[in-house]
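> got a predicted model here, sequence first, then my questions.
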Amino acid sequence: MVVYLITRFLYLEDYPIYFFTDEAAQQVRARELWLNGFRDDHGHWFPVTAQGPWFRFVSIAHYLQLPGWLLFGNTIYAVRGTSVLLGATAAWVLALILKRHFHCGIWWITPLIFGTMPSWFLHSRTAFECVYMAVFYAWFCYFYLNYTSGHTRSLLLAVVFGALTLYSYSAGPLIMLATGCLLLISDFKYHIKHARIVGVAFAFCCLLMSGLLFFFINYPDSPAQHAKMYSGVLSGNIPMTVKLQQVLHAYLGGLTPQFWFTWQPDNLRHQMLGLSHLLQITAPFFFLGIVLCFWRIKTRGSRLILIAITASGCGAALVFPEITRNMTFLIPACLLIVIGLDFLISRIRLPFVSRFLNYSLFSGITTYAAFLTYDALINGPTWYDDYTLFGQQWGSKQIIRDYIPEYLSKHPDQHVFLAIEWANSPDYILKFFNSPPNFMLDDIDRYLSNLIELPKGVFVVTASQMQRLRESKMLTYKEIEPPIYYPNGMPAFHVVTIQYSENALTVAEEFRLERNRLIEEKITTPTGEVWTVRHKAFDLGEVINLFNQDFNDLARGAGGYPFVVEVGFPNPKELRGIEVAFSQENTLTAILKNKEGAEIGHYYKALKINAPKFPRLRLDFTDLKEKVSSVRLELREEQRADSETVLMHIHEITFY
């Protein structure tokens, strides 16, 4: 355990090289929870959910991070240190499982085996919520085995840790559902024999599930939004047979040897260079452990391991396999590796040979743990060259915590605007580091094509933005500080001042004309009709997203004022009204024409302030007497001074 803790805490800020938004958000929410008197932002007591950028999701990370924040404030060591200590309890309890329920002679080496699994080494040094899920799942397995060993009251603790697993991460509910159902079947006779305590545990389980029930009641849209964003299976309009095939493929993909024992060059921030999620050298012991579990399948411990493996794939079944979603697999994997290794060592009957092997194992794995730590700290920063949004997202600590506050200490009257495009929701990181009010997020891209008032101050832009700035005819710039470099020596951020060029007015007008140009397309609606649609450009999604009867879908206009969608029907229609679903306050004008092109109706309506998320604006054509051949929709967000740059978010347009 000492070796495990040293290899976690040593230079904890430096590897992984990123400090992720997901990590910072946990302490930000912990602070808000404390200041709000343990209520969420809607006034609900003791929330088991958290608000993300687009939807709410199950999470209890804010409770776990609260002690660290109270003791040490907003520091990376406090956030990641909490995760390290929780991860250490998983290493400890796995050793207890192997000692007490599998009677392994080398149970003591479990923290070293567990700690040198590459995927656990990396993630246990972060504060990702999937780590908490795996930790609580390990404790669930321990107390469940205690229950099946005769300590029946341990079932209540198993229920507690099962609930903690469920609430820790979005993959938790499916994993616990599968685990619970399979254990119910596997140990059914034992449950019947102890029906009284099982009944109490079931009632306790229902009580603990009330938080999930209130989540669905209080935030009914969030699960659907979550599913839409991540799961094509749940949200796509595809046949059920195809959906089932996709689910099965995703489920089995997370259980294959290739997934766990080969290095894959994707999702690099979740992998150590050249190392698979599990060490290849441990594969023989892993598979031997599986064989032994099938051989001893009559024992409840062996069945639990097989069930834990089976259930682990459910975390990614509706999406696609990824180590974060499949992380509970590491719990049975560690048990199997030690069981297989112990089986071989126990075949040796000579005491001095066994002792020599024990010393060698301890020395060898400890040396490898030290090497793994050294390699990650020294070489990890340059393993990969992608430090941007879809790579390492490098810059939280280096730019937001260190560089910009130091710059502002020298120039206290300046305003600094940091690029947004390099990280997911970097506003959480600004809150985490308590950034001053003259340090804000703002991308220069909106100034590259729009003649709007420039804020006074300096911009910290990414290398790709700097390239666009060099090519721009709209803006001129001046670098006022040396570039900030990535660990590999390439420029990461540039500090510049910007101003409009002499011909900015002409360039802006060219951009405006292009934004307001109508693009004509033919679309086939779900009813089989072919419509002619003319619209301004989208920068996200496509025009069919507006008419596919899926309110969770989205197409986003790229600007222009007003944003226009014109629909021409192949045959004149009788219309009684229209409904448009937005993601923002909006006004809607509908201009209706007959087949001769004459205007036969003009309707207008504005969304009320504080409209619900994904509001729907409905226009009734009460006095319309003729059939409609075309409809022109004009969408405006009139409260915005820079209305020409508004990105119109439209989910669905429905005629009735």
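Here it is on my side, so go on.

> helix, strand or coil: sort out Trp108 for me.
When classified by DSSP: H, G, I helix; E, B strand; the rest coil, Trp108 comes out as helix.

> could we number from 15 for the rest of this?
From this message on, residue numbering opens at 15, which makes the last subject Trp122.

> contact partners for the closest residue to it other than its chain neighbours?
Once flanking residues are discounted, Trp122 sits nearest to Ala109: 6.5 Å by Cβ to Cβ, 6 or more residues apart in numbering. Just so you know, the C-beta spots here come from the backbone N, C-alpha and C atoms, and that holds for glycine as well. For Ala109, the contacting residues are Trp121, Trp122, Thr124, Pro125, by Cβ atoms under 8 Å, 6 or more residues apart in numbering.

> and of those residues, the nearest to Arg369?
Trp122 (13.2 Å; Cβ to Cβ).

> just to revisit the earlier point, any idea which of the contacts of Ala109 has the most stuff around it?
Highest neighbour count within these: Thr124, with 26 neighbours (other Cβ atoms under 10 Å).

> in this structure that residue contacts Cys348, no?
Yes: the criterion here is Cβ atoms under 8 Å, and Thr124 meets it with Cys348 at 6.7 Å.

> now do the shared contacts for those two.
Counting by Cβ under 8 Å, 6+ apart, the residues touching both Thr124 and Cys348 are Leu108.

> I'd like to know how many residues surround Gly87.
Gly87 has 11 neighbouring residues, counting by other Cβ under 10 Å.

> ramachandran angles for it?
In terms of degrees, to the nearest 10, the main-chain angles of Gly87 are phi 70, psi -170.

> ok, Arg70 next?
phi -90, psi 150.

> wasn't Arg548 part of a strand?
Yes: judged by three-state DSSP, Arg548 forms part of a strand.

> who are the contact partners of it?
Leu532, Ile533, Glu534, Glu535, Val578, Val579, Glu580, Gly582.

> quick one: which of the residues you listed is nearest to His425?
Val578 (44.4 Å).

> what about the closest one, distance to Phe69?
29 Å (Cβ to Cβ, to the nearest Å).

> distance check, the residue lying closest to Leu371 once chain neighbours are set aside against Asp441.
With Cβ to Cβ, 6+ apart as the criterion, Leu371 has its nearest non-adjacent residue at 5.7 Å, and that residue is Ile359. Distance check for Ile359 against Asp441: by Cβ to Cβ, it reads 53 Å.

> could you do Leu108 as well?
With Cβ to Cβ as the criterion, Leu108 and Asp441 are 38 Å apart.

> rewinding a little: which parts of the one helix or strand the residue nearest to Leu371 maps to are buried?
Ile359 is part of helix 344-360 when elements are defined by DSSP states H and E. Within helix 344-360, the residues scored as buried using 16 or more other Cβ atoms under 10 Å are 344-357, 359.

> count of neighbours near Val578?
Neighbours of Val578 under the rule other Cβ under 10 Å: 18.

> give me the distance between it and Trp59.
46 Å.

> what packs against the strand or helix carrying Ala172?
Under the criterion of DSSP H and E, Ala172 resides in helix 168-182. Helix 168-182 is packed against strand 70-72, helix 143-162, helix 186-200, helix 209-222, helix 224-232, with contacts defined by 3 or more Cβ pairs under 8 Å, 6 or more residues apart in numbering; DSSP states H and E.

> okay, helices next: where are they in the stretch 465-614 of the chain?
477-485, 518-529 (DSSP state H, counting those that start in this stretch).

> dump these into JSON lines; add distance to Thr103 and mean pLDDT as well.
Converted to JSON lines, those look like this (distance: least, Cβ to Cβ, whole Å; pLDDT from 0 to 100):
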{"stretch": "helix 477-485", "distance to Thr103": "42", "mean pLDDT": "95"}
{"stretch": "helix 518-529", "distance to Thr103": "56", "mean pLDDT": "89"}
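
> check contacts around the residue nearest to Leu403 when sequence neighbours are not counted.
Nearest non-adjacent residue to Leu403, counting by Cβ to Cβ, 6+ apart: Trp436, 5.7 Å away. Residues counted as contacts of Trp436 (Cβ under 8 Å, 6+ apart) are Thr402, Leu403, Gln407, Trp408, Gly409, Thr476.

> for this structure, what are the low-confidence residue spans?
Low-confidence segments of the chain (pLDDT under 70): 68, 238-252, 565-566, 599, 622-629, 653-657.

> which one's the longest helix in it?
As assigned by DSSP state H, the longest helix anywhere in the chain is helix 365-393.

> list only buried entries from the contacts of Arg548.
Buried, going by 16+ other Cβ under 10 Å: Val578, Val579, Glu580, out of the contacts of Arg548.

> what's opposite the last one in the beta bridge?
In other words, Glu580. Glu580 has these beta-bridge partners by DSSP bridges: Arg548, Arg646.

> wait, it sits on Ser644?
Yes: with contacts counted by Cβ under 8 Å, Glu580 reaches Ser644, the gap being 6.4 Å.

> pull up the distance across stretch 525-543, start to finish.
End-to-end span of stretch 525-543 (Cα to Cα, to the nearest Å): 34 Å.

> chain center to that stretch: distance?
Between the centre of stretch 525-543 and the centre of its chain there are 33 Å (Cα atoms, centre = their mean, to the nearest Å).

> can you check stretch 379-388 too?
Distance, stretch centre to chain centre, for stretch 379-388: 30 Å (Cα atoms, centre = their mean).

> if we can go back for a sec, distance of the residue nearest to Leu403 from Arg650?
Applying Cβ to Cβ, the value for Trp436 to Arg650 is 32 Å.

> cool, Lys257 as well?
Distance, Lys257 to Arg650, using Cβ to Cβ: 39 Å.

> Tyr618 now?
10 Å.

> the two: which has the busier surroundings?
Set Tyr618 next to Arg650 and count neighbours by other Cβ under 10 Å: Arg650 wins out with 17 against 11.
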